[in-house]
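Participant: okay, predicted coordinates and the sequence, questions at the end:
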Amino acid sequence: MTKRRRPDAGVCRECGVEFRVYNTGPMPGRCRPCKSRWRPPRTYADRRAGYRANRLARVMAVRKCIDRAQAATTPKAARRGLPWTPAEDAAVLGSDLRDVETALLVGRTYQAVVARRHTLRKHASTG
């Protein structure tokens, strides 16, 4: 003998479980657990919002590394504020060392080495 369905019962489209239909709501034809598990597909705007939310964390992590490098080189910066010599320029451009190590080598701060390398490369490309 087949089981008779109640007139106010429905069968879930996803799991096949019989459930009582109180109202159609935003997702008719699904039981309550399936409705709660359902998530709308991610749109381009959703992905952009997630990227923007995580951007601040990434920027803060980079800023923290820069601040740490600057703090490590500032006390040992003996040539702070003095004009750059050709030997220092050669060390900044031709060094295979990291920026922090180059700053300690030439007696400048981390930010000074980064800025000087940028300036020298910019002038080299313009001729």
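Facilitator: All right, it came through fine. Numbering: from 1, shown residues only.

Participant: can you give me the helices for the chain?
Facilitator: 32-37, 44-73, 86-94, 99-106, 110-126 (DSSP state H).

Participant: tilt between the longest one and helix 110-126?
Facilitator: Relative orientation of helix 44-73 and helix 110-126, computed by axes from the mean of the first three to the mean of the last three CA atoms, to 10 degrees: 110 degrees.

Participant: give me the buried positions along helix 44-73.
Facilitator: 69-70, 73 (16 or more other CB atoms under 10 Å). C-beta here means a position set from N, CA and C on the backbone, and glycine is covered the same way.

Participant: picking up where we left off before, ranking the helices of the chain by mean pLDDT, which is last?
Facilitator: Lowest mean pLDDT within the helices of the chain: helix 32-37, at a mean of 75.

Participant: and the protein, what are its domains?
Facilitator: 8-39, 44-126 (automatic domain parsing).

Participant: picking that back up, which one of the buried residues of helix 44-73 is nearest Asp99?
Facilitator: Ala69 (7.0 Å; CB to CB).

Participant: leaving out sequence neighbours, find the closest residue to that closest one.
Facilitator: Nearest in space to Ala69, with sequence neighbours left out and distances taken as CB to CB, 6 or more residues apart in numbering, is Tyr110 at 4.2 Å.

Participant: residues contacting that neighbour?
Facilitator: Applying CB atoms under 8 Å, 6 or more residues apart in numbering to Tyr110 gives the contacts 66, 69-70, 72-73, 99-100, 103.

Participant: I'd like those residues as TSV, with distance to Ser125 appended.
Facilitator: What follows is the contacts of Tyr110, written out as TSV (distance: CB to CB, whole Å):
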residue	distance to Ser125
Ile66	24
Ala69	25
Gln70	26
Ala72	30
Thr73	27
Asp99	20
Val100	25
Ala103	23
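
Participant: kind regards, and thank you for your time.
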